[in-house]
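Student: Dropping a prediction and its sequence here:
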Amino acid sequence: MDMADVGRSTATAPEVIPTDRLVLRTYRPGDHRGLLVFHGRSDVCRYLFNEPWDLAAAREAVQTRISRRDLAAGALALVVEYDGQVVGSVSAWLVDEPERTAETERTAELGWAFSPEFGGRGFATEAVTALLDYVFATPRLHRVIAQMDSRNESSARLAQRIGMRREGHFRQNAWIKNEWTDTLVFATLRSEWPSGA
Ligand SMILES: CC(C)(COP(=O)(O)OP(=O)(O)OC[C@H]1O[C@@H](n2cnc3c(N)ncnc32)[C@H](O)[C@@H]1OP(=O)(O)O)[C@@H](O)C(=O)NCCC(=O)NCCS
């Protein structure tokens, strides 16, 4: 589920994260144009909480995500570029109980959405793997989860492909878009992640 708009604001920007083919970077004004190309599609939003964006929703989302720049402080939202074009969005946010302190080991959740025009080339796999490497570089980050509608097979395949473990299938635990939906939960621990051990 794409929860890039959930989390607390921060000021610290991460480095740009380069991969073999992609660049992951924090949001900039103007990113709504590239994001609207796929976040405006009903097939892309089928299993997201939100309906397809219009221009106003895209502008508002980008405005919110510009401040999600530091996972250690709450949330990190990144666009994914291929050859200078926005092809996806990925995010990570802390999901611990509020009483947890900065000294406590934490859990983060990931979200992702990619343009179908660039699907089937492993871009999401490459970007989310790089995001996990980056996330596990965050001090005291212990566990990372991803959740999706159980019907979202491409998203579940992605979680599996990058090495997350399927830990749960909750039956009709979420009321989304006027229906009860099942949720799959995937997770990995720092000690299980190649760069995190
Ligand atoms: C979930 C989502 C990102 C998956 O996209 P995807 O194109 O399947 O994922 P990738 O870009 O990693 O591509 C993987 C596919 O390319 C193939 N592939 C080709 N080259 C590859 C490479 N170098 N590395 C990995 N996979 C490669 C894989 O075999 C796989 O194909 P398959 O699914 O038929 O087995 C996409 O469907 C999406 O954005 N959906 C809408 C938003 C959404 O639901 N988000 C999740 C909310 S929880």
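Tutor: Done, it's in.

Student: what's the burial count for the residue in the chain that the ligand sits nearest to?
Tutor: Relative to the ligand, the nearest point of the chain is residue 122 (2.2 Å; Cβ to the nearest ligand atom). No exception for glycine: its C-beta is placed from N, CA and C like everyone else's. Burial measure for residue 122: 14 neighbouring residues, criterion other Cβ atoms under 10 Å.

Student: Over to residue 120?
Tutor: With other Cβ under 10 Å as criterion, residue 120 counts 8.

Student: do residue 136 as well
Tutor: Residue 136 has 22 neighbours, counted by other Cβ under 10 Å.

Student: Let me know the helix or strand that the nearest residue to it once chain neighbours are set aside is in.
Tutor: Spatial nearest neighbour of residue 136, excluding adjacent residues (Cβ to Cβ, 6 or more residues apart in numbering): residue 196 at 3.5 Å. Assigned by DSSP states H and E, residue 196 belongs to neither a helix nor a strand.

Student: roughly how far apart are residue 196 and residue 117?
Tutor: Distance, residue 196 to residue 117, by Cβ to Cβ, to the nearest Å: 32 Å.

Student: Residue 29 - how many residues pack around it?
Tutor: So residue 29, with other Cβ under 10 Å, has 9 neighbours.

Student: list the contacts for it?
Tutor: Applying Cβ atoms under 8 Å, 6 or more residues apart in numbering to residue 29 gives the contacts 62, 66.

Student: Could you give the secondary structure assignment for it?
Tutor: coil (DSSP: H, G, I helix; E, B strand; the rest coil).

Student: Give me the pLDDT value at it.
Tutor: With respect to pLDDT, residue 29 scores 96.

Student: Which strand or helix spans the most centrally placed residue in the chain?
Tutor: With distances taken as Cα atoms, centre = their mean, the residue of the chain nearest its centroid is residue 111 (2.2 Å). Following DSSP H and E, one finds residue 111 within strand 106-114.

Student: what is the rounded mean pLDDT of that strand?
Tutor: 96.

Student: Tell me which other helices or strands that strand touches.
Tutor: Judged by 3 or more Cβ pairs under 8 Å, 6 or more residues apart in numbering; DSSP states H and E, strand 106-114 is in contact with helix 31-39, strand 85-94, helix 123-135, strand 141-149.

Student: which one of residue 196 and residue 117 has more residues nearby?
Tutor: Neighbour count, other Cβ under 10 Å: between residue 196 and residue 117, residue 196 has more, with 18 against 10.
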